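Trainee: next input, structure requested:
(chains A and B)
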Amino acid sequence: MKNQKPETKRKKPEDKKRSASGGAKSKSSKPAVNGDFEPKIVGFLCNWCSYAGADKAGTSQVKYPPNVNVVKVMCSGRVDPQFVMKAFEKGADGVIILACHPGDCHYKEGNYKAAQRHRMLLKLLGQFGIEKERCRFDYVSAGEGDKFVKVIKDTVDTIREMGPMKKTKKSTSERTE
Amino acid sequence: MSGKPKLSMYWATACGGCEISLVNIHEKVLDVDANFEFMFCPCLLDTKKKDIEAMPDKGIAITLFNGAIRTEENEEMARLLRKKSRVLIAYGSCSYEGCIPGLSNLHSREDHFKTIYLDNPTVDNPSGVVPTPETAVPEGTLRIPSFYERVKTLSDVVDADYFIPGCPPEPHQVWNVIEAVVQGRQLPPAGSVIGAGASAVCEECERKKEDKKIKKFYRTYEMIPDREKCLLEQGIVCMGIATRSGCGALCPKVNMPCTGCYGPPEGVLDQGAKMIAALGSIIDIGDVKGLSEEEIAKRADAVISSIPDPAGTFYKYSLPGSILKGRIS
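Mentor: Purely as a prediction, here's the structure:
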């Protein structure tokens, strides 16, 4: 279990001049492009590096936005592109896949496979009208609590500025099979 | 009227190939005739919609519904035939998963109309007329069925009992299904895919399969592949790994790659996603030792650039039935 104590409501004002003010809903004068939009992001974190990195950020009590719902996977190579599409279909505004650095994979090459799949997935998502910023892949090691926070902050800010995912004009029902 | 159970076949947005595939069971079509009263098929018979409407509900034993749902009319017929049929079978890839017509989900309806009726060198349409569901003329209002924003599958609009994949379904598989019904064999639970296998085409493919490492993908016109070796190993995008078995691996047999017409194998939701999962892991970007993170992405992109149209290739037959169903608009 992890206790990252994610915090976003009170982001320091000197935190650059990012347009979205960290979702501080109380501030009415914020220049945010998308009003009160809070992105929903699904994060797939590898058990051995990135999840430990997230834990490290938690134990160091670093503040970061709470928009990312973390799903622990044994390896980034386990992240089936179906998971990413399912996330988008169910209303996620973005997906983050975090892996071990090259050469550090617990299973030797799972992270390379994940990286390659991600490049291919980006090309496909582009054809579906989903911007590449919404599907981010990065490397976070067990010691990089600070990098984890940076990746999360960057992604949340980027997607907040982009706004919510466009809605699929819904077909009447799901297929039965 | 004979006492034989009634068999009907309808085409929605389809090419007619499914009707041909039924006739392709050759002399066994006589057995079909001996056991069923083939009573509705706009491609072959003269029965009209009003004749179907006049029938009692569930009056048709089996309806083979082929074609995707593109227009309001397609949906209306699907609902009518659902009401009148005891067993409604999505027959062929179009009604099962959208197939080739479904690729139009990569564009909006407006884009289609623009290309088809306005911006086209062979079109002469000075007043810019595009179809609308209702048009006022001096004599009154003309109504045509509306064109949906997206292509849907049969089960998107009604409950289909079974799905027979294939573009078109293979005759021996069609016969397997008909034979099962004729002999009164227990059919699988409703919602099942019938007339096909459960695993991947590779299982039926006799080519030699070894370790897969691909440096560059080739399109079929760029090389003549070796006849013995796995096509994918030679760099041809063969969809066999992400496609349901049942056809007998016909395309690889004649040195052409599988393009995926039997849809995803049992348990797979999204054929294209599975293709990416598979191809992504067999791309060969050379020696990765000491390679920077940016360099890994760059090298992967270089290999991937040899697939010009991933959506059109990986979802050639299954876009409306996939998770995202097409372009998010």
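
Trainee: next, count neighbours for the spatially closest residue to B:D211 that is not a sequence neighbour.
Mentor: Nearest non-adjacent residue to B:D211, counting by C-beta to C-beta, 6 or more residues apart in numbering or on different chains: B:E233, 7.9 Å away. C-beta here means a position set from N, CA and C on the backbone, and glycine is covered the same way. Neighbours of B:E233 under the rule other C-beta atoms under 10 Å in any protein chain shown: 19.

Trainee: so who does B:E233 touch?
Mentor: B:K209, B:E210, B:D211, B:K212, B:K213, B:I214 (C-beta atoms under 8 Å, 6 or more residues apart in numbering or on different chains).

Trainee: and the first one, how far from B:I236?
Mentor: Looking back up the chat, that one is B:K209. The spacing between B:K209 and B:I236, counted by C-beta to C-beta, to the nearest Å, is 14 Å.

Trainee: the more surrounded of these two?
Mentor: B:I236 (21 against 13).

Trainee: what's that one sitting at in phi/psi?
Mentor: phi -90, psi 130 (degrees, to the nearest 10).

Trainee: dump the residue contacts of it.
Mentor: Contacts for B:I236 (C-beta under 8 Å, 6+ apart) come out as B:F217, B:Y218, B:R219, B:T220, B:M223, B:P225, B:P257.

Trainee: and the residue of chain A nearest chain B?
Mentor: A:R117 (3.0 Å; C-beta to the nearest C-beta).

Trainee: so for the residue nearest to B:D211, what's the pLDDT?
Mentor: Per-residue confidence (pLDDT) for B:E233: 96.

Trainee: that one - that's part of a helix, no?
Mentor: Yes - assigned with DSSP: H, G, I helix; E, B strand; the rest coil, B:E233 falls within a helix.

Trainee: what secondary structure does the residue most central in space within chain A sit in?
Mentor: Chain A has A:I96 as the residue nearest its centroid, 3.3 Å off, counting by C-alpha atoms, centre = their mean. Secondary structure state of A:I96, per three-state DSSP, is strand.

Trainee: so who does B:E170 touch?
Mentor: B:S21, B:G246, B:C247, B:G248, B:L250.

Trainee: please repeat the previous calculation with a cut-off of 7 Å.
Mentor: B:G246, B:C247, B:G248 (C-beta atoms under 7 Å, 6 or more residues apart in numbering or on different chains).

Trainee: mind checking which of those residues are buried?
Mentor: By neighbour count, with 16 or more other C-beta atoms under 10 Å in any protein chain shown, the contacts of B:E170 hold B:G246, B:C247 as buried.

Trainee: closest to chain A out of the contacts of B:E170?
Mentor: B:G246 (14.9 Å).

Trainee: surely the closest one and B:Y262 touch.
Mentor: Yes - at 5.5 Å, B:G246 and B:Y262 qualify as touching, with contact defined as C-beta atoms under 7 Å.

Trainee: determine the residues that are contacts of both of these two.
Mentor: Common neighbours of B:G246 and B:Y262 (C-beta under 7 Å, 6+ apart) are B:A196.

Trainee: can you list the low-confidence ranges for chain A?
Mentor: A:1-35, A:168-177 (pLDDT under 70).

Trainee: do a quick rundown of the strands in it.
Mentor: Taking DSSP state E as the criterion, chain A carries its strands at A:41-46, A:68-73, A:94-99, A:135-139.

Trainee: winner for burial among those?
Mentor: Neighbour counts (mean count of other C-beta atoms under 10 Å in any protein chain shown) averaged over each of the strands of chain A peak at strand A:94-99, with a mean of 28.
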